[in-house]
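# Sequence unavailable; structure follows:
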């Protein structure tokens, strides 16, 4: 998306290769925001990072990572604060990541201390959205779920209305109902105060129906100006330096071994950086220790950074598409994620080169679309290679995804495309939008039409290879203009085996041959194909033959000469 880059890299270390995934984005303000996302909008439960992005796609384009550690039920281990409202309190023995409205990141330890008061004195509020301990008190808000957990011996009072749970602020709400045993519906715009043991007895005595209950959720230090926060830890980078020993509540087995890792930090110029390290995959990526991750973040320019949950949870995704390779071989559902959100016009990436020449390969450039997440005045223009406007539309648009016809009709409308291939060269889609908040954005996508390669063909569908007898298969491709052509053998699944030809070819039919060998050794039996890659002034275009089968046969036996 505009202003955001993604790169993959491999570090070769004495311990094995390490695969890194790095996202850099603008300082999160204006059209960009760095926000925590809660799985299914409920404290209880889990959701994949890609599913979170798809669920929120109508509201923003986003790239993000998994965030806080979590219990089996899905409850975050630390703080979750969204738009200044506390959904889960911080864990004081681990670092929390706070985000100010102007985009500054603040990594520090923050403690929670709460109070409630009814007819008696101020008393301790132990937790938020968590079953209270043996003699504890907890506040349940709608972010927990529809009802409170069922718990024998629990006393509950329903508060409605109750202001949002903003920290370090006096909150007050009347008691509408007193219940016991849990399973109490949590009212919209209200909450349920629950207690057990001796605390439950006091709650029943000091909070009868009609009593005004005063609450205060205290964060120490106050964390003034923080609007979004998510738990994690440990701190990895402080004042531009890697942190070797953060002395946080983590075991050596969590920090020292090489595992998949996730981290988020900020660069000196305010840009944010997200890093995911793949691991637990010998030969592909062995992972990193926590301190190796801290050193990597410093090398990448981070001045502050925090770790998040790692292992099988480590995930990086963009627009609902998984970018890294989780160690579980599949994406793991998690409790929370941290998303870099973009609210401007967005045009999804398309194939860089297409070949709509009637050969049945790469015929269409679909989908060519743009997306708006807010009511906007937008202008979309598709420019042809000769500079002429092939398609344009302008006007007020509600949030949604809008198609751009390609090949475009002569009128520039969404009418059926004309017969014949579109003009060769670079096409460019530009979308300019001003949303209902007055924010201006631009999305640009370009692609090239290149019909250099035409139909392909094979001399045979099966190649038998054996010692003592030579056989080959030839493949042909039609060129409409001169190009430098590379022919490569690959498996049917797309794994490249070896190049078999590199030459400058003129327009016409080009043929190459292959004997089923690589470095004078026969390949294994199976399905293969030959891919042609042509490069000229229009760019690079590829086209592959249909698959053919290679059979390894027994060597030819020599007939002994008769004696005589």
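Yes, it's here. As the structure is a prediction and not an experimental result, all values here were calculated from the model.
# domains for this protein, by residue range?
Per automatic domain parsing, the structural domains of the chain span 5-109+226-342, 111-220, 353-449, 453-552.
# Confidence-wise, which of those domains is weakest overall?
If you rank the domains of the chain by mean pLDDT, domain 353-449 sits at the bottom with a mean of 84.
# dump the residue contacts of residue 347.
Contact analysis of residue 347 by Cβ atoms under 8 Å, 6 or more residues apart in numbering lists 369-371, 429, 431, 443-445. All C-beta spots, glycine's among them, are computed from the backbone N, C-alpha and C.
# who wins for most neighbours among those residues?
The most neighbours of any of the contacts of residue 347, using other Cβ atoms under 10 Å, belong to residue 431, which has 26 neighbours.
# Buried residues in the helix or strand where that residue lies, which are they?
Assigned by DSSP states H and E, residue 431 belongs to strand 425-435. The neighbour-count check on strand 425-435 (16 or more other Cβ atoms under 10 Å) flags 426-427, 429-435 as buried.
# closest to residue 133 among these?
residue 435 (47.2 Å; Cβ to Cβ).
# Next, the contact list for that closest one, please.
Counting by Cβ under 8 Å, 6+ apart, residue 435 has contacts 343-344, 372, 374-376, 441.
# how about 10 Å then?
Going by Cβ atoms under 10 Å, 6 or more residues apart in numbering, residue 435 touches 31, 343-345, 372-378, 397, 399, 441.
# neighbour-wise, which of these leads?
Busiest of the contacts of residue 435 [other Cβ under 10 Å] is residue 345, holding 30 neighbours.
# hang on, that residue packs against residue 434?
Yes. Here residue 345 reaches residue 434: they are 9.4 Å apart, a contact under Cβ atoms under 10 Å.
# so what's in contact with these two at the same time?
Joint contacts of residue 345 and residue 434 (Cβ under 10 Å, 6+ apart) are 374, 376, 378-379, 440-441.
# So of these, which two are at opposite extremes in space?
The widest separation within the shared contacts of residue 345 and residue 434 (Cβ to Cβ) is 15.6 Å, between 374 and 379.
# any chance of the domains of the chain in a markdown table, plus distance to residue 562?
Formatted as a markdown table, these follow (distance: least, Cβ to Cβ, whole Å):
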| stretch | distance to residue 562 |
| --- | --- |
| domain 5-109+226-342 | 55 |
| domain 111-220 | 91 |
| domain 353-449 | 56 |
| domain 453-552 | 20 |
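# which one of these lies closest to residue 563?
Residue 563 lies closest to domain 453-552 among the domains of the chain, at 22.9 Å (Cβ to Cβ).
# Report how far apart the opening and closing residues of the closest one are.
Start-to-end span of domain 453-552 (Cα to Cα, to the nearest Å) is 32 Å.
# Tell me how far it lies from the chain's centre.
36 Å (Cα atoms, centre = their mean, to the nearest Å).
# And for stretch 334-343?
Worked out by Cα atoms, centre = their mean, stretch 334-343 lies 8 Å from the chain centre.
# can you give me the helices in the stretch 101-250 of the chain?
Secondary structure of the stretch 101-250 of the chain (DSSP state H, counting those that start in this stretch): helices at 197-206.
# partners of residue 138 in the sheet?
Beta-bridge pairing for residue 138 (DSSP bridges): residue 127, residue 194.
# what's the answer for residue 285, then?
residue 281.
# wait, it sits on residue 325?
Yes. Taking contacts as Cβ under 10 Å, residue 285 lies within contact range of residue 325: 7.5 Å.
# Which residues lie in contact with the residue nearest the centre of the chain in this structure?
In the chain, the centroid-proximal residue (Cα atoms, centre = their mean) is residue 317; its distance is 1.3 Å. Residues near residue 317 by Cβ under 10 Å, 6+ apart: 48-54, 62-66, 276, 323-324, 331, 337, 339.
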